[in-house]
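Asker: have a look; sequence and predicted model below, questions after that.
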Amino acid sequence: MERSEVSELKMAMVSEFLGQLTLSYGTEVEPIFPTVVAYRDFDPISDAARLDAAMRTKGVDEQSIIDILTRRSYEQRREIAFEYERLAKKDLQTALKGALSGSLEALMLGLMKSPAQYDALELKAAMKGLGTDEETLIEIVCSRNNRELVDIQKVYRDLFKKDLEKDVAGDTSGDFANLLLALVQTKRDEPSNVVDYEKIDNDAKSLYDAGVNRKGTDVAVWISILTQRSVAHLQRVFERYKSYSPYDLKESIRKEVKGDLEKSFLTLVECLENKQTYFADRLNEAMKGKSAKDKVVTRILVSRCQVDLMKIRREFKKRHGRSLYRAISVRTVPAEKHHNNNTLINPHL
């Protein structure tokens, strides 16, 4: 087989993996939030044996690896890993590293992590060495809820023997650092059945007075309100804000602050308004043009496939006029391969 043909085949397999994460499997009713669910007829011993055979095959049977690992929940993959180690006398992740390479290796290893483990590793990588990947920090910290952030911090401490808060403080500065640290401290109010209209009005006016209604911006007020109030409360605040300001809150942010702080505030507000819409738009942006960001696409799909990818998928189609499955397939696979890989494009999604 020519090198170009091998490369195209690899691209097709990676595309198929990403596409499979946007589908749901099994005979159960389609879930409301996740797209990867527990497999009903689960047999970890059989799956472990199939994986072992796939990695022993000359050239590696990558399709079998994809089929198994993308159709099992994280808990089931842990059971498979346990049985694999008993069978093959070596760690499954180590075996996957040896058998796979490039994007497919990164994808499979990511899927072997829990959402909290995956996020912790991504955050550590974003702060490793010289320079900081602010985009990744913003995406993860500004989009996770209190429970998710608590889990991430625990895993981060277990993995790296360091506090996430200290690492974020060491790698960022100024108001940008203050915003991220306020989120990491997880002081956001829990949802309440009581609607406090006076507090909603006060918060809306405070946001206006701290920004558009004065010279300079009192960023501390914005940080306090946006990181401590419940999501439902803030959604009402955003609506009330329009009665004070000639601009909505996102327009106000663009006028008042710049750089990483602007990106952080915008991401936070977008996630508070509709987290799935934020991820749908981020995926669409990441797949545009020649500068497509495969790492961003992979991170969102892997980290959200057991959380809310079903809703993200629906938002993507509503906002961008095509299925996420199709968008990934068209972007990552050469056009001449489409007819030979019918599983990459599902017109019903």
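Answerer: Sure, I can see it. Numbering: from 1, shown residues only.

Asker: quick one: mean pLDDT for the helix or strand containing residue 77?
Answerer: Assigned by DSSP states H and E, residue 77 belongs to helix 74-88. Confidence for helix 74-88, expressed as mean pLDDT, is 96.

Asker: residues contacting residue 208?
Answerer: 241, 244, 245, 252 (CB atoms under 8 Å, 6 or more residues apart in numbering). From N, CA and C alone the C-beta is placed, and that goes for glycine too.

Asker: try 10 Å
Answerer: Applying CB atoms under 10 Å, 6 or more residues apart in numbering, we find residue 208 in contact with 214, 240, 241, 242, 243, 244, 245, 246, 247, 249, 252.

Asker: list the buried residues for the helix or strand encompassing it?
Answerer: For residue 208, the host element (DSSP H and E) is helix 197-210. Using 16 or more other CB atoms under 10 Å as the test for burial, helix 197-210 gives 200, 201, 203, 204, 205, 206, 207, 208, 210.

Asker: sorry, back to before: can you say which of the contacts of residue 208 are buried?
Answerer: Neighbour counting with 16+ other CB under 10 Å marks 240, 241, 245, 247, 249, 252 as buried within the contacts of residue 208.

Asker: backbone dihedrals for the fifth one, please?
Answerer: In this case it means residue 249. phi -60, psi -40 (degrees, to the nearest 10).

Asker: ok, it touching residue 210?
Answerer: No: using CB atoms under 10 Å, residue 249 makes no contact with residue 210, being 11.5 Å away.

Asker: need the residues touching each of the two.
Answerer: residue 222.

Asker: what mean pLDDT does stretch 106-117 have?
Answerer: Averaging pLDDT along stretch 106-117 gives 93.

Asker: let's see the distance spanning it from one end to the other.
Answerer: 14 Å (CA to CA, to the nearest Å).

Asker: any idea which residue sits dead centre in this protein?
Answerer: residue 300 (3.0 Å; CA atoms, centre = their mean).

Asker: coming back round to it: possible to save the buried ones among the contacts of residue 208 as a markdown table with distance to residue 108, pLDDT and secondary structure?
Answerer: Formatted as a markdown table, these follow (distance: CB to CB, whole Å; pLDDT from 0 to 100; DSSP: H, G, I helix; E, B strand; the rest coil):
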| residue | distance to residue 108 | pLDDT | secondary structure |
| --- | --- | --- | --- |
| 240 | 47 | 98 | helix |
| 241 | 45 | 98 | helix |
| 245 | 48 | 97 | coil |
| 247 | 45 | 97 | coil |
| 249 | 40 | 98 | helix |
| 252 | 43 | 98 | helix |
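
Asker: of those, which is the nearest to residue 268?
Answerer: Nearest to residue 268 among the buried ones among the contacts of residue 208: residue 249, at 10.3 Å, using CB to CB.

Asker: what's the helix or strand for the residue nearest to the centre of the chain?
Answerer: Secondary structure from DSSP H and E places residue 300 in helix 294-304.

Asker: for that helix, packing partners?
Answerer: helix 3-21, helix 102-111, helix 115-126, helix 134-143, helix 259-286, helix 309-320, helix 324-332 (3 or more CB pairs under 10 Å, 6 or more residues apart in numbering; DSSP states H and E).
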